[in-house]
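Colleague: sequence and predicted model, in that order:
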Amino acid sequence: MANQNEKLMEIRDLCVTYKTRLGSVSAVDHVSFDIFKGEILGLVGESGCGKSTMGKALMRMIDPPGEISSGQIILEGEDIMGYTPDQMRDVRGRKISMIFQDPMTSLNPTQRVDEHIIEAIQVHEPKTTKENGLGRATSLIERLGIQQRRLNSYPHQLSGGMRQRVMIALGLVLNANLIVADEATTSLDVIVEAKLADQLREIRDEFGVALLAITHNIALVAELADRIAVMYAGHMAEIGPVEDVFDNPLHPYTQGLLSSVPNIKLDDTEELYKMAGEPPNLTHPPSGCRFHPRCPKAMPICSKLAPKFEEVTPGRQVQCWLYQDHPQKETPAIKVTA
Amino acid sequence: MEQDNQNNQTSANSVPEWMLDLDRVGFVRKLFISRKWYGGDWWFVAISAVLLLFIILVGVFPQWFAPYDPKAEVGPSLLAPRELPPGYSLIAPKSAGELKLEDAVARGSTLGFVYGSPASQALREITTQMNNEAQEQGSKTRYQPRLSRFETVEEGLEAVLSGKINGFIASPAELGESLEKYPDLAIAIDLRGEAAKGFLMGTNQIGQDVFSRIIWGTRIALIVGLSSAIVSFLIGVPLGLISGFVGGPFDRVLTLLMDSLYSFPGLILAISIAAVLGAGIGNIIVAIAALYIPTYFRIVRGQTLQVKEELYVEAARSLGATPLKILVKYIFPNVIPSVVIIFSVNVGDAILTEAGLSFLGFGLPPDTPDWGIDLARGQDYLRRAWWLITYPGLMVTTVTLAFSMLGESLSEILNPRLAEL
Amino acid sequence: MTELSTLPEQEKSLVEINNLRRWFPVQKNFIDQMLAQKIDYVRAVDDVTFNIRQGEAFGLAGESGSGKSTIGRLTIGLDKPTKGEVIFDGINLGKQSSEELRKLRRRMQVIFQDPMASLNPRMTLGDAIMEGLRIHKPELKQQHRDMVLTMMEKVGMTPPLFFFNKYPHQISGGQRQRVVIARALITQPDLILADEPIAMADVSVRALLLDLMVQLKKEFNLTYLFITHDLATAKYICERIGILYLGKMMEMSDLREVYGHPLHPYTQALLAAVPVPDPHQRRTQPMPEGEIPNPINPPSGCRFHPRCPIAKEQCSQVEPVFRELRPGHFVACHFAEQNL
């Protein structure tokens, strides 16, 4: 299970901006949170919320016209924002690895599976022999449920689920501490997705690797994650243990979002909550709290000032004026019991 | 506070303010505001549009811009740009007093000049002009001085001094220091030809004004360029559309035909067609048009094949649209943007080809003011008279560039995705 | 052969699908084609029979390769079956000429999955919606514009005059799907094929779109054929549902019946696989082995047998019959009685 006390990664006040023709877009705006060792953190949000950008930013893989304009990313005690390109190359793959949504385009179609894995090993550990690499690849592949004979296959000969598992293998073969999975199961069928989710949990249990699951599939996060982080329009609205957030969502956006997720269980007869409006255009984000135009509980202060992302109870942080005090605010903050 | 909430609710469902604003203003203001919302290189569009409008204006109304008739010999040959043509001085004895031009060139007067001096032409020009003016005024006077030729300037000046002739005409270059030896003689009249100011871009071998020729050349270039591009377009695009849409053996045959035409080197094909058809501006247009039909065909066919598979075409089919409607309303508008760019580049290229053809002597009658012809004539004078090819060359480049810029900027405008907010 | 129960009089079938098959020949390169002895087919739809009642929302659910989209297209005549028939309101679609079929389109419309791709980028929204009227009701030309504006209001595109002249790229995804819905409904069709209509919309917008579709169904007395891979969403709109696997229908009944008493092992696995948005209700049931096989060479007998937890020898040899085990509840499984 997750070791709640040991932090793997600390993200402090991260800002990612994109320069477009129409102005500067702040895709990630002063976001701070932690990733603990061995935890499964689900990062959810709708299109344009910045979750994919966040995932890439953690590996400093933001390409121009975007850039990480400020903030710190502290991995194992060191701020990787100050790393040289060589140091970053070492981090990527060995400490953090990424799985993408479309495995077809993220695997090299001209390389076989074993070549992929061996190459990954040799890039980071150049002294490894081919046999050694092959041995590690084989045991890992089998552990992930792919038959050994598949090692000789090319990506197009594998199914979607298998390709994703190859991606996971690439992440694990170097004993990465964190796997960032960006919509890794979105293109998969539901049974394959369920099996992959099971597998990810098993991998976490066995290898102790942390998993950042970036997805818009909230039900999947409920199924899989230890903690859930909700992003909206470049801000982090809420973060906390998954049971607590689902039982008692604090941020109005989270409340709306969780109530709008379809539930297959027949005994759930609640009507789906219909949230008003649409996610904002980030070249002209709303003033103050970015959610205020759609918020059923908006107060005057919400359109003027953006609230801070603060801890309201141990382990739970929210960015909402409902739970914070301010001289310009008339109603007192709501206290949250753990 | 409740009120605020409600406003928030309605505004969340409705449209953002700035979008509504954009919708409410008139067209001109919308263009102006859109440049900010649509981003993009609107200045690029503006520049190319202005440039092209100017070029078209020049092409349609060359007489407004050209100071001279392009075919007329208005000045001495090979005059450099802005170089003043030599003026001529009429030298007479100081004792003659005020000498009027009319008297100097009157019937009874004798004027002298050096053998072969261009002064004779200047004199001729002046007398012709004065005769014309007199005729217009209805006067019966005729100006025709007697002419006397001399071997050297000194002889001529001696003759003036001795009274044999009334006046001696020479250019300042010819006179040099000679006049100072004759204190009794002075410059009585300053004769200058019509072109007292010189020519903006100089003159060519025959004495035609290069600037005027360029201006008039624009007309030919635009006519040939635009016409051939339009003809290519009108033939190539429908063929490409139908071929891509219908497919099958018809498509195969047509593609083969077009590909073989396409593989011909351009200028050679144009020359062959021009040679077969003979001279004349219409035939040139046909020859150049034939060159570009395969290009349109290929591009349009390729795009049609692609657009045919799009979901909105299937949606149209599911709505119950007839194949013709699908072709015209769904496929054609989505294929056109790529063609527009080709069209503008095509015009520029057609102008180049036309210049090339006339350079080689095909098609246009030899005294037509055309850039290609001028380039051909001037190619031997690169060192002596650089202006003969520089200016026509510059014009070809500029006009081609202007059309290409237009094409680029049109692709920005016409492609809605690029205007994404 | 399928045994259909006798339908009560008032539940008239709008669409009848009988033994529908659609096989796609596999494209081979030249040499293989010369050497091959027989042509391989992708059996996208392989002997499917069901009916859609007037006024109901019928769901077709399945994973990739199940053939659900293909059935959808066959149902509204966008594709011709290899065998079997599609009967729409008593009219056999296969026997219609292309012109007759085109006219019939007024009564069956489609809402596609990708709203951006299904709208012509060069047509304004108003124009796109008006298209159906122009094609099928040209005589009402004067009223076209008003009819479009009214419809735009109904689907929630307010103020309609503002959106009338906009282009698809100028509005959001959710709004685009509304335009597609308006376009489909303008001709007052009887049947709407909705092919994963909300899959590409944002999570918070999906609920709105679903609600809109349910409301419009009531208002216009529509019949939906709702194709989806998302069983959770289907619960909120479908009255009856059919579960497809590899071109065959495995189970079909009222939605609450299928979700509450799934009789086919595949349905059970599928329902269990869908994640529940409640961390206290995590799945404990294991998932079937293996992956969806290649549709060119489907397994013999029951297509699910290689992965089925209760498969016996018979399953690999004999194809199960699609039979009615409970009233109105059909299953294609030899041993479905175990789950009764």
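Modeller: Perfect, thanks for sending it.
Colleague: surely residue C:18 is in a helix?
Modeller: No: if the criterion is DSSP: H, G, I helix; E, B strand; the rest coil, then residue C:18 is strand and not within a helix.
Colleague: who in the stretch 101-250 of chain C is up against chain A?
Modeller: C:172-175, C:202-208, C:210-211, C:229-233, C:235-236 (CB under 8 Å from any CB of the partner chain). All C-beta atoms are positioned from the backbone trio N, CA, C, and that covers glycine.
Colleague: can you give me the neighbour number for residue A:267?
Modeller: 6 (other CB atoms under 10 Å in any protein chain shown).
Colleague: any idea which element it lies in?
Modeller: Counting by DSSP states H and E, there is no helix or strand that carries residue A:267.
Colleague: please apply the same query to residue C:226.
Modeller: strand C:223-228.
Colleague: ranges for the strands of chain B?
Modeller: B:88-93, B:110-114, B:146-150, B:167-170, B:185-191 (DSSP state E).
Colleague: need those in JSON lines with mean pLDDT, can you?
Modeller: What follows is the strands of chain B, written out as JSON lines (pLDDT from 0 to 100):
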{"stretch": "strand B:88-93", "mean pLDDT": "73"}
{"stretch": "strand B:110-114", "mean pLDDT": "78"}
{"stretch": "strand B:146-150", "mean pLDDT": "81"}
{"stretch": "strand B:167-170", "mean pLDDT": "76"}
{"stretch": "strand B:185-191", "mean pLDDT": "69"}
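Colleague: can I get those in JSON lines including distance to chain C and mean neighbour count?
Modeller: Listed next are the strands of chain B as JSON lines, based on distance: least, CB to the nearest CB, whole Å; neighbours: other CB atoms under 10 Å in any protein chain shown:
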{"stretch": "strand B:88-93", "distance to chain C": "68", "mean neighbour count": "23"}
{"stretch": "strand B:110-114", "distance to chain C": "74", "mean neighbour count": "23"}
{"stretch": "strand B:146-150", "distance to chain C": "76", "mean neighbour count": "15"}
{"stretch": "strand B:167-170", "distance to chain C": "73", "mean neighbour count": "27"}
{"stretch": "strand B:185-191", "distance to chain C": "68", "mean neighbour count": "18"}
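Colleague: could you dump the ones you listed into CSV with distance to residue C:249 added?
Modeller: Listed next are the strands of chain B as CSV, based on distance: least, CB to CB, whole Å:
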stretch, distance to residue C:249
strand B:88-93, 107
strand B:110-114, 112
strand B:146-150, 114
strand B:167-170, 111
strand B:185-191, 107
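Colleague: now the ones you listed as TSV including distance to chain A?
Modeller: Output for the strands of chain B, formatted as TSV (distance: least, CB to the nearest CB, whole Å):
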stretch	distance to chain A
strand B:88-93	64
strand B:110-114	71
strand B:146-150	74
strand B:167-170	68
strand B:185-191	63
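Colleague: circling back: which residues sit against the strand holding residue C:226?
Modeller: C:14-15, C:52-61, C:68-69, C:71-72, C:75, C:190-197, C:199, C:213, C:217, C:234, C:237-238 (CB atoms under 8 Å, 6 or more residues apart in numbering or on different chains).
Colleague: what is the burial count for the residue of the stretch 201-340 of chain C found nearest chain B?
Modeller: Scanning the stretch 201-340 of chain C for the residue nearest chain B gives residue C:208, at 10.0 Å (criterion: CB to the nearest CB). Neighbourhood size, residue C:208 [other CB under 10 Å]: 24.
Colleague: would you mind finding the longest helix in the chain?
Modeller: In the absence of a named chain, this looks at chain A. Using DSSP state H to define each element, chain A has its longest helix at helix A:190-207.
Colleague: nope, chain C please
Modeller: Chain C, longest helix under DSSP H: helix C:203-220.
Colleague: can you pull the contacts of the residue in the stretch 251-400 of chain B that chain A sits nearest to?
Modeller: Per CB to the nearest CB, residue B:311 is where the stretch 251-400 of chain B lies closest to chain A, at 18.5 Å. By CB under 8 Å, 6+ apart, the contact set of residue B:311 is C:112, C:114, C:117-118.
Colleague: which two in those are spaced the farthest apart?
Modeller: C:112 and C:117 (7.3 Å; CB to CB).
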